[in-house]
Structures are given as structure tokens and as C-alpha cells.
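> Whatever this is, show me its structure:
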Amino acid sequence: MPKASTHSFELGQVRPFAPTIDIYVIVPIAACVYVEIVSPLLIYANPGTSMMTPRLENKIFWPALAAISVVLVIRNWSRLTVPPHIICLFAYLALAGASILWAFKPEFSAIRFLLQLTIVTSIVLPALAAARTAEMMRGVFLCFAFASILNVFFVLNQTPIYIQNVNIGYSGYFSFKGLLGECAAIAFLLSLYEILHPGGRRALGIIVIAVATYLMVLSESKGSLGLALIAPSLGGLMLIIGKAIRISPAIVLLPIPICYAVLSLCCLV
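Here you go, the predicted model:
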């Protein structure tokens, strides 16, 4: 297996290790490419199709990808490790599945749940079984980088969306301007990691940061712009606090949902 130089990140430090090409990484990246590039372009090419209408490509792609994921994991079951936060995700999915029993439209809820289950299966299971040296995030970055750069050409040939004579921004090839902002925000966040690497990766990361910022501004997506600015600052602060008191950053963030739950209950009372 050919080896190349890459790095892992911990509190601003870059450490080298050797990556490997892993088929388990290809599956979740394929899901990412479909969601961010293929599916939006298919919808863009058929503007008369309602977003609520079940699409044939979704009925084929997600079950097929989920089946591939299950087969790959079964073939190499020993590689699968399930961390605590993924256990919580599976518990949430179980609760979501159980909620079908008291849903207003059980048949509709069951279809939506099965779709979510296939999506999570296609992404989570292969990622858990992937080799630790596989660079999944680089593949995800390239997906969002390509989507962002491609959207520039669509934006340059579009007129902004107007509601009651008010410019609310551009949507690119997405169906809504908020989706363009979200894609650009994620590309921006992933680029911050890429600029920690030397050479071409850093150069591409800087280019994507500029492109993503441009798209967030044109999309008028204030939430996405806030996410791009707040998330790195909050993430860095949590890492510093976690390292200082020697606990997981996830535990540092735990008071936020607890306070939210308590305040929500107080408001109901």
C-alpha cells in the first residue's frame, strides 16, 4: 500500500502518520457527494418537481448504499468499535422508531424513519469500521470544496431571490438559499483544518475559505455565517478547557443541553 505524508490535529499541533485507502471511507463519502452535489443538481435540472414528492433516485440510492454498508461491516465485524456517543445516537434512533406507535400518521412516520435509518447506516457503520489511518475528513472536505466552487458558477449566472421586493440572497444549485449557506459554512470549517497542512492542501484550504465566505455573504444566510464564526471559537475553547481539567470536550459541553432542558421545563411550568 503506497504511503503519503499526512497529519493528525490536537490543540494546534500537527502530527504525521501514514494514511491508507479504505473502502469503508468511500461509502460515507459517496453519501456526502450524493447529498451535496448529485441530488441537488438533479432537483435543479427538474425545477417543477416538488421537494415533498418521493424521488426515484432516493428510493434506489439509499437502500443500495445501506445494503453495501451492512455487507462490508458483516465481512469485517471485528474492526467495528462503537464509542459512547454513537451508542447515544443509536438509542435516539430506537426512540424515533418507537415514536411511530403514537404518531398521527404511522405509515408516513415509518417511511421517514426508514429513510433516516438507511442514511445513518450508510454513514455511521462504514465510518466505525474504517481504519484509523484512513483520511475520511479529507474526502469530505474535497466534496464540500467541489460543491462550493461549483456553486460559484451558478451564482454568477443567477439573479438574487426577491420576496416582496426584498433581496434575500442567492441559492446556487440548491433549492433554498439556506442550503447554500450551510454547504459553504461546512466547507469553511473543514478548510480550517486543511490550512494546518503544508503545500497544496494549505493553498486549497485558503482558496476554499475565500470561496465559502463569498457564498455565505451572497446567500444572506446569517445562521450559516454565525456557525462559521462561532463554531471554531467554541470548539477551540472547549478543547483548551478539556485539556486543562483533563476531561472530554463532550463533557465540557454537557451543561449546555442540561441547562436547556431545565429552562424548557421551567418555562412549561
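> quick one, what contacts residue 125?
69, 70, 72, 73, 80 (C-beta atoms under 8 Å, 6 or more residues apart in numbering). Just so you know, the C-beta spots here come from the backbone N, C-alpha and C atoms, and that holds for glycine as well.
> low pLDDT regions in the chain?
1-21, 48-53, 249-250, 268-269 (pLDDT under 70).
> Can you list the residue ranges for helices in this protein?
With helices called from DSSP state H, the chain shows them at 23-33, 39-45, 56-75, 84-98, 106-129, 136-156, 177-194, 200-219, 222-245, 249-253, 255-268.
> PyMOL command for the buried members of the contacts of residue 125?
If you want just the buried ones from those in PyMOL, going by 16 or more other C-beta atoms under 10 Å, the selection is:
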select buried, resi 69+72+73
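> which among the contacts of residue 125 gets closest to residue 176?
Nearest to residue 176, judged by C-beta to C-beta, of the contacts of residue 125 is residue 69 at 28.7 Å.
> neighbours around residue 152, how many?
Neighbour count for residue 152, taken as other C-beta atoms under 10 Å: 14.
> Residue 222 now?
Residue 222, neighbours per other C-beta under 10 Å, totals 12.
> what's the answer for residue 165, then?
Neighbours around residue 165, by other C-beta under 10 Å: 5.
> Can you tell me how far it is from residue 218?
18 Å (C-beta to C-beta, to the nearest Å).
> May I have stretch 99-116 exported as PDB, CA atoms only?
The C-alpha trace of stretch 99-116 is given here as PDB (Å, rounded to 0.1, in the frame of the first residue of the first chain):
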ATOM      1  CA  SER A  99     -42.500   7.000  18.200                       C
ATOM      2  CA  ILE A 100     -44.200   5.600  15.200                       C
ATOM      3  CA  LEU A 101     -46.600   3.800  17.600                       C
ATOM      4  CA  TRP A 102     -48.100   7.100  18.700                       C
ATOM      5  CA  ALA A 103     -47.600   9.200  15.500                       C
ATOM      6  CA  PHE A 104     -50.600  10.900  13.900                       C
ATOM      7  CA  LYS A 105     -49.800   9.200  10.600                       C
ATOM      8  CA  PRO A 106     -47.800   6.000  11.400                       C
ATOM      9  CA  GLU A 107     -47.400   5.000   7.800                       C
ATOM     10  CA  PHE A 108     -45.800   8.300   6.900                       C
ATOM     11  CA  SER A 109     -43.700   8.400  10.000                       C
ATOM     12  CA  ALA A 110     -42.500   4.800   9.300                       C
ATOM     13  CA  ILE A 111     -41.300   5.800   5.800                       C
ATOM     14  CA  ARG A 112     -39.400   8.800   7.100                       C
ATOM     15  CA  PHE A 113     -37.900   6.700   9.800                       C
ATOM     16  CA  LEU A 114     -36.700   4.000   7.400                       C
ATOM     17  CA  LEU A 115     -35.100   6.700   5.200                       C
ATOM     18  CA  GLN A 116     -33.300   8.200   8.200                       C
END
